[in-house]
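S.K.: whatever this is, show me its structure:
(chains A and B)
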Amino acid sequence: MIYKRPESMQLVSTHYCAGCGHGVAHRLICEVIDELGIRERVLAVAPVGCAVLAYDYWNFDVTEAAHGRAPAVATGMKRCNPDKIVFTYQGDGDLAAIGAGEIVNAANRGELISVFFTNNANYGMTGGQMAPTTMLGQATTTSPSGRDARREGWPMKVIEMLAQLDGVVYAARCAVHTPKHVREAKKAIRAAFDAQIAGAGFAIVELLAACPVGWGVKPTEAVQVIEQQMIPAYPLGTLKQVAGAAPAAP
Amino acid sequence: MTTPATNKPAVTKLMAGNHALAEGAVQAGCDAYFGYPITPQNEVPEYMAKRMAEEGRVFLQSESELAAISMVMGAAVTGKRVMTTSSSPGISLMQEGISFLCGCELPAVLANVVRGGPGLGNIAAAQSDYFQSVKGGGHGDYRLLVIAPASVQEMFDFVFWAFDLAFKYRNPALILTDGLIGQMMEPVTFREPTWPRATPVSFDCSDWALTGARGRPPRSIKSLYLGDGVLEAHNAKLQAKYARAMAEEVRYEAVETDDADLVFVAYGICARVCRETLARLRAQGVKAGLLRPLTLWPFPSAWLAEHAARFAHIMVVELSCGQMIEDVQLAVGNRCPVSFYGRTGGGIVTCQELTTVARERIGTTVAA
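M.R.: Prediction:
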């Protein structure tokens, strides 16, 4: 097997920081799109957040969306173009805070879209502020003494919440900080696209990702943060997979 | 897929303005409608829910106006003819998406069936969203193409015009109407209108729409321009587009203005009242006229600048505390006195009160 750049990725450098999880997440999505042979049918929605420039890195059609509105934009795209493969790529501030209404309702309608949700427990792009997913005790620029549940609420478990909705056919949480986790994440991304292709319903994959700069740690330490702090707070696994949305046999 | 002109006799029906607006959209080839309930425009999504399904097109009730305008954006990036409607508080929520549509240069048709404000206001007719419509409303340097129907027939006709404008300029076009025109019933003839539309517009978006990167490089649609000078160049491009619209799209009706001493300036429902009033005034020997802007942006400023010096008094009539009057004053300058008469909160200007007020105004002005 030759390790090469997926056709779905452009030959450019990204602006992502050392140790950031976005690059791996982008690549996994592109590998799956290549393997499914759907690149020419893909319409993607880039978020507001660190991945705002994703359209410069992906070799398929992409639109921007206002902060949090990606699921609604994707809804308009897919409803008008049911033959296309539509996905959103969103961060935790975008999806879980300002876009909470859009993601919940798109999921509840069972929109035939796939959502890739990168959770790095802070607002990276704007300089490391508190997100709905910031962990208890985690210091950010807007929770300098650490997140206190009584003051700022609890880390939001988006996948668990959305899995309750009947429109959701696939919901999984993965991580992208070790080769083993990357392999699992790729399977989940594949399953999320499979669910859309099968016409089964709404699919979402949460990807726990490191943000060394936002967390104020070295990239190597960030891996430990994911292992020791994020995964205990956000258990990995497939939370929901209904019949008809199963991934194709390998 | 505009309904072609055929040899079939034109159908005329008695309809409410909101229904006429919706049927106009269907017949103008609207591919998709997204909207959220709000009074006094609920007849539009209700009608569209039924008719779009009959036509095999897209209708979806969104979870909010924020989502509705974002769904509009999603359809628009793929080159579809897409529309949403709302009323004042809902249009306020849509300002984010409207700014994005303008920044991304996307065509869409919007309609605001205006109700009283500010805040929740009330559900009666108003014209108090003029500033929001023609001056921005959302963030950034952008313009909407804003047109104002004054009858139920025009509610039908102007949707065709709005789609023309939206696609000609790749920019949202806004039909600014009100709860009175939306609710009142008048005969409507279903026909493909030829006026005030201009030359036929192409709805072909194949050179820019997101259709999948098959046999071509990938496309992105965005309003984000971070590089040095890039956003300024983008804004210059938008402004050149708006300058072209100002040169080509101004539409108005000048009614009995040739010999007029008193000229009303009014749009929408107020223009209807002013037209009746000027007939009464003329019967009483007062030479009254009416300038009715059909386009609120671009505004018929040039007409006012050219003709204002001939008039003794210009009276701006709005269902607001005075918004369009600012554009009238800008155009008129010191060429002619300009005064305002308006009602809010569901109060409707009547011919009787307008006749009395107009006579007072012209009397004062002439005497001075």
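S.K.: spit out the contact partners of the residue in chain A that chain B sits nearest to.
M.R.: The minimum distance from chain A to chain B, using CB to the nearest CB, falls at A:Gly76 (2.5 Å). Every residue, glycine included, has its C-beta placed from N, CA and C. Applying CB atoms under 8 Å, 6 or more residues apart in numbering or on different chains to A:Gly76 gives the contacts B:32, B:34, B:70-76, B:82.
S.K.: can you verify it is assigned to a strand?
M.R.: No - A:Gly76 sits outside any strand when classified using DSSP: H, G, I helix; E, B strand; the rest coil, being helix.
S.K.: how much space separates the residue nearest to it when sequence neighbours are not counted from B:Phe160?
M.R.: Leaving aside its sequence neighbours, A:Gly76 sits nearest to B:Gly74 (CB to CB, 6 or more residues apart in numbering or on different chains; 2.5 Å). From B:Gly74 across to B:Phe160, the span is 23 Å (CB to CB, to the nearest Å).
S.K.: which one of these two has more residues nearby?
M.R.: Between B:Gly74 and B:Phe160, B:Gly74 has the larger neighbour count (other CB atoms under 10 Å in any protein chain shown), namely 33 against 23.
S.K.: helix/strand/coil for that one?
M.R.: Bear in mind the rule, three-state DSSP; under it B:Gly74 is helix.
S.K.: one more: B:Gly29?
M.R.: coil.
S.K.: neighbours around it, how many?
M.R.: 17.
S.K.: isn't it up against B:Phe203?
M.R.: Yes - B:Gly29 is in contact with B:Phe203 according to CB atoms under 8 Å; the separation is 7.5 Å.
S.K.: where exactly do the strands run in the stretch 201-350 of chain B?
M.R.: B:220-221, B:252-255, B:262-265, B:288-293, B:295-297, B:313-318, B:338-342 (DSSP state E, counting those that start in this stretch).
S.K.: buried ones in the second one, by neighbour count?
M.R.: With burial defined by 16 or more other CB atoms under 10 Å in any protein chain shown, the residues of strand B:252-255 counted as buried are B:252-253, B:255.
S.K.: quick check: the gap between B:Pro149 and B:Phe158.
M.R.: For B:Pro149 relative to B:Phe158 (CB to CB), the value is 5 Å.
S.K.: might you report the residue contacts of the residue lying closest to B:Ala209 once chain neighbours are set aside?
M.R.: Sequence neighbours aside, B:Gly79 is the residue nearest to B:Ala209 in space, at 3.1 Å (criterion: CB to CB, 6+ apart). By CB under 8 Å, 6+ apart, B:Gly79 lies in contact with B:205-206, B:208-211.
S.K.: of all these, which two lie farthest apart?
M.R.: By the measure CB to CB, B:Ser206 and B:Leu210 form the most distant pair in the contacts of B:Gly79, at 11.1 Å.
S.K.: neighbour-wise, which of the two wins?
M.R.: B:Leu210 (27 against 8).
S.K.: what sits against the residue lying closest to that one once chain neighbours are set aside?
M.R.: Closest residue to B:Leu210 apart from its sequence neighbours, by CB to CB, 6+ apart: A:Asp61 at 4.0 Å. Listed by CB under 8 Å, 6+ apart, the contact set of A:Asp61 reads A:42-44, B:210-213, B:218-220.
S.K.: is it possible to get CSV of the residues you listed that adds distance to B:Gly140 and pLDDT?
M.R.: Below are those laid out as CSV (distance: CB to CB, whole Å; pLDDT from 0 to 100):
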residue, distance to B:Gly140, pLDDT
A:Val42, 29, 98
A:Leu43, 25, 98
A:Ala44, 24, 98
B:Leu210, 22, 98
B:Thr211, 27, 98
B:Gly212, 30, 98
B:Ala213, 29, 98
B:Pro218, 26, 98
B:Arg219, 22, 98
B:Ser220, 19, 98
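S.K.: just the helices in the chain please.
M.R.: I went with chain A, as the question did not name one. A:22-36, A:70-80, A:92, A:100-108, A:149-152, A:158-163, A:179-197, A:212-215, A:219-225, A:231-233 (DSSP state H).
S.K.: please refer instead to chain B.
M.R.: Using DSSP H, helices in chain B cover B:17-27, B:43-54, B:65-76, B:88-103, B:130-135, B:152-169, B:179-183, B:230-248, B:268-283, B:301-307, B:324-332, B:351-367.
S.K.: rewinding a little: state the distance from the residue nearest to B:Leu210 to A:Met125.
M.R.: Distance from A:Asp61 to A:Met125, by CB to CB: 23 Å.
S.K.: same question, A:Gly19
M.R.: Per CB to CB, A:Gly19 is found 16 Å from A:Met125.
S.K.: of the two, which one has the most company?
M.R.: A:Gly19 (20 against 17).
S.K.: near the residue nearest to that one when sequence neighbours are not counted, how many other residues are there?
M.R.: The shortest distance from A:Gly19 to any non-neighbouring residue, by CB to CB, 6+ apart, is to A:Pro219 (2.6 Å). Residues near A:Pro219, counting by other CB under 10 Å, number 14.
S.K.: quick one, what contacts A:Pro219?
M.R.: A:18-19, A:210, A:212 are the contacts of A:Pro219 under CB under 8 Å, 6+ apart.
S.K.: at 6 Å what do you get?
M.R.: A:18-19, A:212 (CB atoms under 6 Å, 6 or more residues apart in numbering or on different chains).
S.K.: same thing with A:Leu95?
M.R.: With CB under 6 Å, 6+ apart, A:Leu95 has these contacts: A:103, A:117.
S.K.: same thing with the one 4 residues further on?
M.R.: If you count contacts by CB under 6 Å, 6+ apart, A:Gly99 has them with A:Gly68.
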